[in-house]
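Chemist: got a predicted model here, sequence first, then my questions.
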Amino acid sequence: MQRYNVHESQQPVRDLVAEFGEKEIKPVFIDLDRRPEPQVLPKEYYRKLAKAGFIGFSMPKEYGGGGRSALEYATLIEELAWWDAPTSLLTAVPQLAVYPIIHFGNEDQKKKYIPKAASGELLPAFALTEENAGSDAANQSTMALPDGPNFVINGKKHFIMHGDYCDFCVLFCKIGPEEEGKRAKISAIMVDANTPGFKGETLLYKMGMRAA
């Protein structure tokens, strides 16, 4: 039988989360789940996650993140989920949203958004899922049409965590116009929440993950 042994880099992460969980998660997680509707982002709790270094855990050090490895990051999310699943989501989604910026964004975008996302000052969202396509990017209907140096985006996303109160989002879409017989290119565009036409709605009466 194959055995799994904890890597030496994982134990400090487990210890860190254990201390945080006992002090910050255990006393509040039930109350966070039982808040009255509409349930919005628990900002003070989110700030504590950021202050502990969890929100920017895997983001590059040169942009204010923790620079931790993929294994350490996976350990962080796993250990947080042991304490409270919504807390693990609160921590994971910002890092998921910033990932495309880290690898494909220009330097101005990286300097403007990553440090403030890592510190918790800015809240990012990852906008892929749609009501009729799920998370199948090839079948999404959101379309971006070139307009000079910019794009005009038309579409609606669904079940987007932080979509109702994010500061910016990485939004997946097709790049049009579509040509008959050809599959449209799929891309991701950074959208500032202050962009005219951008609107988010709070999802009510979730069955679970209510603190996220």
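Modeler: It's in.
Chemist: the most centrally placed residue in the chain and G53, how far apart?
Modeler: Relative to the mean C-alpha position of the chain, the nearest C-alpha, by CA atoms, centre = their mean, is the one of V93, at 2.3 Å. In this view, V93 and G53 are 16 Å apart by CB to CB, to the nearest Å. The C-beta positions use only the backbone N, C-alpha and C, and glycine is treated the same way.
Chemist: about what we covered before: which element is the residue nearest to the centre of the chain on?
Modeler: For V93, the host element (DSSP states H and E) is helix 85-104.
Chemist: run the chain-centre distance for that helix.
Modeler: Average the C-alpha atoms of helix 85-104, do the same for its chain, and the two points are 4 Å apart (CA atoms, centre = their mean, to the nearest Å).
Chemist: what is that helix packed up against?
Modeler: Contact here means 3 or more CB pairs under 8 Å, 6 or more residues apart in numbering; DSSP states H and E; on that basis helix 85-104 packs against helix 29-33, helix 43-51, helix 70-83, helix 107-119, strand 124-127, strand 168-175, strand 185-192.
Chemist: out of those, deepest packed?
Modeler: Comparing the helices and strands packed on helix 85-104 by mean neighbour count (mean count of other CB atoms under 10 Å), strand 124-127 ranks first with a mean of 26.
Chemist: what pairs with that one, parallel or antiparallel?
Modeler: strand 168-175 (parallel) (DSSP bridges).
Chemist: can you pull out the low-pLDDT segments for the chain?
Modeler: Scanning the chain for pLDDT under 70 picks out 1-3, 181.
Chemist: okay, now the domains of it?
Modeler: Domain assignment for the chain by automatic domain parsing gives 10-122, 126-192.
Chemist: kindly reformat these as a markdown table containing distance to T202.
Modeler: Output for those, formatted as a markdown table (distance: least, CB to CB, whole Å):
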| stretch | distance to T202 |
| --- | --- |
| domain 10-122 | 5 |
| domain 126-192 | 4 |
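Chemist: ok, which of those domains comes nearest F198?
Modeler: Closest to F198 of the domains of the chain, according to CB to CB: domain 126-192, at 6.1 Å.
Chemist: three-state assignment of the residue nearest to Q95 when sequence neighbours are not counted?
Modeler: Distances taken as CB to CB, 6 or more residues apart in numbering place S58 nearest to Q95, at 5.3 Å, with adjacent residues excluded. Judged by DSSP: H, G, I helix; E, B strand; the rest coil, the three-state class of S58 is coil.
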